Structures are given as structure tokens and as C-alpha cells.
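**Student:** Next one to model:
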Amino acid sequence: MIIGNRDTQSEIEQLAEKLKISYNAVGEIYDKTKFLTFTSWRTDIDVINAGLDIICLTSLNEGAPVSLIEAQAAGKPIVATKVGGVSDIVIEGETALLSDVDDKEQFFTNLLLLVEDEQLRKKMSEKGSKFVMERFSVQRLANDFRKLYYELLNQKSNGKSRK
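**Tutor:** Down below sits the predicted model:
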């Protein structure tokens, strides 16, 4: 599946045709005999992630990609480019295999490694789920806010202000 491919869809479709790779175009009735599916933008990413084995992010530029947090929460290993905040969202080598944005060979090597190594996929999946729960869960966020509020209250009651 290629999700969110608005900018390069036509180019990828042309390449698929040249390589004789059958595909389902956006808006077409799904045909499971076709190898590739273009979905465009989707809001039901939890459903999409449930049906995937590996999540790839090939971005040239990113902020802090929530899609990778969602992928790890769904227990999916990741292959991605080292751009923007990607390194802050994953644990390189443990929940994701990363490559420089201009190193296609390393990206392909990382992807092939995960495709061929079921144990590595399983290990990364488990670590990713655990990592997201520890770092990005609502409970952790609520606890961090509670600690901050108490710290600010204590500073105010002691006559100190936080700057």
C-alpha cells in the first residue's frame, strides 16, 4: 500500500506500469489480485496499520511524525529515513531501521532485512509497543502535567517564580 502519495502518485504509477506491476488506483474497486494499492490520504490509520507487517516512511522532510508513533503502538517495525524528528520518535536499531535520506541502498537493505527476518520483526514490534506506552501514552502525559503543576504550586507557595 502506498498511503498519502499525492505529490508523486502519477510518477509511481508510471514506474509501476513500466515494471509491469499491477496496481489499484485511488477510487478504484479493490482487486486483491493486484500487487500494489494507492490509497491517497486516510484517516483510519489504525485499520491500515493492522493490515501491514512493516511500516515505511520515505519522507524527505518531517517534523515529528505521529504516524511512526501510531505504527509502534500498533506493534509494527519501521523502516524510515533519518529526517526531522524521526530519531526522537523511534529507537534506532530497536524499533526502527533508519537510513540517510539520500542512501537508497541502505533503505532497501533495511527493508529487505525486516522482510526476511521474522524474529527481528517480532522483537522490534514488541519493543515499539512498549516504548510508545512508556514515552507517549496519555497516562505519561497526564503524570508529567501533574508533576509540573505541583512543581509550579510549590514554587509559588515558597515565593519563587519559574522563569
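**Student:** C-alpha from now on. contacts and neighbour counts both.
**Tutor:** OK.
**Student:** Could you find the closest non-adjacent residue to the residue nearest in space to the middle of the chain?
**Tutor:** In the chain, the residue lying closest to the centroid (C-alpha atoms, centre = their mean) is L68, at 2.3 Å. Nearest residue to L68, sequence neighbours excluded (C-alpha to C-alpha, 6 or more residues apart in numbering): I89, at 6.9 Å.
**Student:** now swap in G85 and tell me
**Tutor:** Once flanking residues are discounted, G85 sits nearest to A64: 4.5 Å by C-alpha to C-alpha, 6+ apart.
**Student:** you'd agree that neighbour is in a strand?
**Tutor:** No: assessed with DSSP: H, G, I helix; E, B strand; the rest coil, A64 is coil; it does not lie in a strand.
**Student:** And for it, the neighbour number?
**Tutor:** Using other C-alpha atoms under 10 Å, the number of residues around A64 comes to 15.
**Student:** doesn't V90 make contact with it?
**Tutor:** No: under the criterion of C-alpha atoms under 8 Å, A64 makes no contact with V90, lying 10.3 Å away.
**Student:** what residue ranges in the chain score low on pLDDT?
**Tutor:** Scanning the chain for pLDDT under 70 picks out the ranges 5-6, 159-163.
**Student:** Let me see the ranges of the strands in it.
**Tutor:** Applying DSSP state E to the chain gives strands spanning 2-3, 23-24, 36-40, 55-57, 78-81, 96-99.
**Student:** Can you give the contact residues for the first one?
**Tutor:** It stands for strand 2-3. Here strand 2-3 makes contact (C-alpha atoms under 8 Å, 6 or more residues apart in numbering) with L36, T37, F38, T39, S40, W41, R42.
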